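Trainee: Structure of the sequence below:
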Amino acid sequence: MPTKATASSTSTAEKIDAAVARWVDEGLVVGTDWPGRPLLNTPLPCGTFDEVAVERVLRFFLLLKQLIGRWAGREFRLLDWQVRWLIAPVFGLKHQDGRRMIRTFWFEIPRKNGKSTLCSGLALYLLMADREAAAEVYCAAGDKAQATIVFRAARNMAEGSVAIAAKLGKRGIQRALLEHPGTGSILRALASDMGGRLHGLNVHGAIVDEVHTHKTADTIDALETGTGSREQPIVGFITTADDGADGSIYATKREYVEGLASGTIIDPSFYGVVFGADATVEGFDPFSEATLRAANPGYGVTILADYLERKAAEAQSSPAQLNRYLRLHLNIRTKQTVRWLPLDRWDATASLVTVEEWKGRVAYGGLDLSTTTDMTAFTLLAPDGDGVVCWPMFWLPEERAEVIERETHVPLAIWAREGWLRLTEGNVVDYQQMRTDIKAEVARLGCKVAEVAYDPWNATETVQEMERDGYVMVPTRQGYATLSPACKELERLVMGSTSERPLFRHGGHPVLRWHADCVEVRQDEGGNVKPAKPDRMKSAKRIDGIAAAVNAMSRLMLRQPEKKYRSIGY
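Mentor: Presented below is the predicted three-dimensional model:
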């Protein structure tokens, strides 16, 4: 037998379902054919369901106009799943005295399902129609740009609504502030880097967008603690999944929601719902239409099917983009880094590389100095028809080789005997010997080195010496802006290669192959990628050869074919 609380909660859910169905029939809410359910939701608190209060929110949204896409200019009619899983529980469940039960909500959903637009509408409702005198309402995000997105949309909606614009008047709609002259209520944007200066706010409503972008808890703490003097405040978190970082602001909140859903935590004032794909089901296919539909309640309505299909196709062909696809479009928490270059694809592009074919080529060098006690790499890349040919070199301090071989479990001694790896005397890399080796190898190959790209960190002396040797040394910052285009080009060549048509010929060099097998990439919010340097204190992985190749690729991509370069080393 269900407990009394469970039975009451089930009854409330049935009432909400019935009300949503009626609102769809009446045209107050848009009916969709989304067949799914959220991946996760917390129990509904036991209280009275106030349909009139929910209808008040729905009718307020009808005063607003959609701003972008194919819905631009139309009245803002909420969708059935938005009402069923957010608006109805949050605004409809009441205590006996009529106050709302839910003070905090968590609404997690894949990208492009109307999240930010919904944020803006809710912020306006809390400002204009929630019957709170001198309400302070805030649109908060991890940075100023993101916070401004939600506020700007709210301001534009206010300007586009005849009724709301009339209430606010010209002085009430400002660039960075909305102010209701009749009630003294305000709406403004806040960024997380302002957190330390925000304590003392008197918060009636707050919409926190993209929780995973918040680096500190300052703003969220200020907003949550600022609600103490309000009768029925609401703090809402609307977000997409994070990249799996432990201890983050997002992780802490998400774990709380999971605890509520499992029943290990009891807090009737906190409501949470998470939309996404269930990666644990047998035969899970992240690229199927069924998976995309299940994860995206706005499939075919707020987010077009062909857009999601394109993103799925991109993720299938690009390992670097897979985690981004899983996180943004299926709302699956992923780790911060992802394996990058599949070894079978790497091996398919090996092909033979000979000394003779380098004669007369214009090449671009990439230098990865690493630490003096570990491996250092220098890689030459040269255009090769539709692709690129690669010639890597590696150095290791002789006295460290045995220790590093034990740590990494790779045959460094054998590679050194076979000439794939150069050992320098002592317990640190001899950079003078490295420079001598590079000069001799370039002379042996007979190529012309146009430029050498290097990480400027701790490289001053070596760079100066190489410049005295006649090389054009180009500092290459190791950020996303510099490295992402080179990474994507390297990935394109490797993933597009076949054994019959290799586009990144590297000759099967065993040290470089090891590094290719180790390398992972890190992604930013814009989908840019860069190699993730392993922690040498914790990891046996090495990626120096790939890091050097990416540096070289960053210059090769900018090559000027007609330019005459100075010949180095012969």
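
Trainee: Could you report the distance from residue 249 to residue 270?
Mentor: Distance, residue 249 to residue 270, by CB to CB, to the nearest Å: 16 Å. For glycine as for every other residue, the C-beta is placed from the backbone atoms N, C-alpha and C.

Trainee: of those two, who's got more company?
Mentor: residue 249 (25 against 20; other CB atoms under 10 Å).

Trainee: Which residues does the helix-or-strand element of the chain with minimal mean pLDDT contact?
Mentor: When the helices and strands of the chain are scored by mean pLDDT, DSSP states H and E, strand 337-339 comes last with a mean of 74. Residues outside strand 337-339 that contact it (CB atoms under 8 Å, 6 or more residues apart in numbering): 319, 320, 322, 323, 519, 520, 521, 522, 523, 532.

Trainee: Let's see which of the residues you listed end up in strands.
Mentor: With DSSP state E as the criterion, strands contain 520, 521, 522, 523 from among those.

Trainee: so where's the protein shaky on pLDDT?
Mentor: Within the chain, the ranges that satisfy pLDDT under 70 run 1-10, 69, 192-199, 246, 336, 536-538, 560-570.

Trainee: Longest strand of it, counting residues only.
Mentor: Counting residues, the longest strand found in the chain (DSSP E) is strand 387-397.

Trainee: quick revisit: in the ones in strands among the contacts of strand 337-339, which residue is surrounded by the most others?
Mentor: In terms of neighbour count, residue 521 stands highest of the ones in strands among the contacts of strand 337-339 at 26 neighbours, by other CB under 10 Å.

Trainee: Contact partners for that one?
Mentor: By CB under 8 Å, 6+ apart, the contact list for residue 521 reads 320, 337, 338, 340, 487, 529, 530, 531, 532.

Trainee: burial measure for the third one, as a count.
Mentor: By that I understand residue 338. Counted with other CB under 10 Å, residues neighbouring residue 338 total 20.

Trainee: now do the first one
Mentor: Here the count is done by other CB under 10 Å, and residue 320 has 25 residues near it.

Trainee: same thing with the fourth one?
Mentor: Summarising burial for residue 340: neighbours were counted as other CB under 10 Å, giving 26.

Trainee: Now do the same contact list for it.
Mentor: Taking CB under 8 Å, 6+ apart, we find residue 340 in contact with 319, 320, 491, 519, 520, 521, 529, 531.

Trainee: now, among those, which is nearest to residue 237?
Mentor: Nearest to residue 237 among those: residue 529, at 27.6 Å, using CB to CB.

Trainee: Contacts only, for that closest one.
Mentor: With CB under 8 Å, 6+ apart, residue 529 has these contacts: 320, 340, 480, 483, 484, 487, 488, 521, 522, 523.

Trainee: how near is the fourth one to residue 521?
Mentor: Separation of residue 483 from residue 521 (CB to CB): 9 Å.

Trainee: got any residues that touch both of those two?
Mentor: 529, 530, 531.

Trainee: Any chance of a markdown table for the residues you listed, columns distance to residue 291?
Mentor: Formatted as a markdown table, those follow (distance: CB to CB, whole Å):
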| residue | distance to residue 291 |
| --- | --- |
| 529 | 24 |
| 530 | 29 |
| 531 | 30 |
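
Trainee: can you map out the helices along the stretch 51-200 of the chain?
Mentor: 51-62, 80-82, 88-92, 115-128, 144-160, 162-172 (DSSP state H, counting those that start in this stretch).

Trainee: I'd like the ones you listed as TSV, with distance to residue 416 and mean neighbour count appended.
Mentor: Below are the helices of the stretch 51-200 of the chain laid out as TSV (distance: least, CB to CB, whole Å; neighbours: other CB atoms under 10 Å):
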stretch	distance to residue 416	mean neighbour count
helix 51-62	70	17
helix 80-82	62	23
helix 88-92	66	26
helix 115-128	55	24
helix 144-160	51	20
helix 162-172	74	14
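
Trainee: Select, out of those, the one closest to residue 330.
Mentor: Residue 330 lies closest, by CB to CB, to one member of the helices of the stretch 51-200 of the chain: helix 115-128, at 14.8 Å.

Trainee: by contact count, what packs against the closest one?
Mentor: Under the contact criterion of 3 or more CB pairs under 8 Å, 6 or more residues apart in numbering; DSSP states H and E, helix 115-128 touches helix 51-62, strand 136-141, helix 144-160, helix 162-172, strand 178-180, strand 185-191, strand 205-209, strand 234-239.

Trainee: what about it, distance to the chain center?
Mentor: From the chain centre to the centre of helix 115-128 is a distance of 24 Å (CA atoms, centre = their mean, to the nearest Å).

Trainee: Next: stretch 444-453.
Mentor: 37 Å.

Trainee: cool, and stretch 91-102?
Mentor: Worked out by CA atoms, centre = their mean, stretch 91-102 lies 36 Å from the chain centre.

Trainee: Quote the end-to-end distance of it.
Mentor: 8 Å (CA to CA, to the nearest Å).

Trainee: What are the buried residues along it?
Mentor: 91, 92, 93, 94, 100, 101, 102 (16 or more other CB atoms under 10 Å).

Trainee: So which of the residues you listed are in strands?
Mentor: Those of the buried residues of stretch 91-102 lying in strands (DSSP E): 93, 94.

Trainee: Columns distance to residue 164 on top of the buried residues of stretch 91-102, output as CSV?
Mentor: Shown next, in CSV, are these (distance: CB to CB, whole Å):
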residue, distance to residue 164
91, 19
92, 23
93, 27
94, 26
100, 23
101, 28
102, 25
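
Trainee: Go through the buried residues of stretch 91-102 and say which is closest to residue 52.
Mentor: residue 92 (8.9 Å).

Trainee: quick one: the closest one and residue 55 touch, right?
Mentor: No - Residue 92 lies out of contact with residue 55 (CB atoms under 8 Å); the separation is 9.2 Å.

Trainee: ok, residue 124 - contacts?
Mentor: Counting by CB under 8 Å, 6+ apart, the residues that residue 124 touches are 60, 64, 154, 157, 158, 164, 178, 187.

Trainee: What is the burial count for the closest residue to residue 396 other than its chain neighbours?
Mentor: Distances taken as CB to CB, 6 or more residues apart in numbering place residue 375 nearest to residue 396, at 5.2 Å, with adjacent residues excluded. Residues near residue 375, counting by other CB under 10 Å, number 26.
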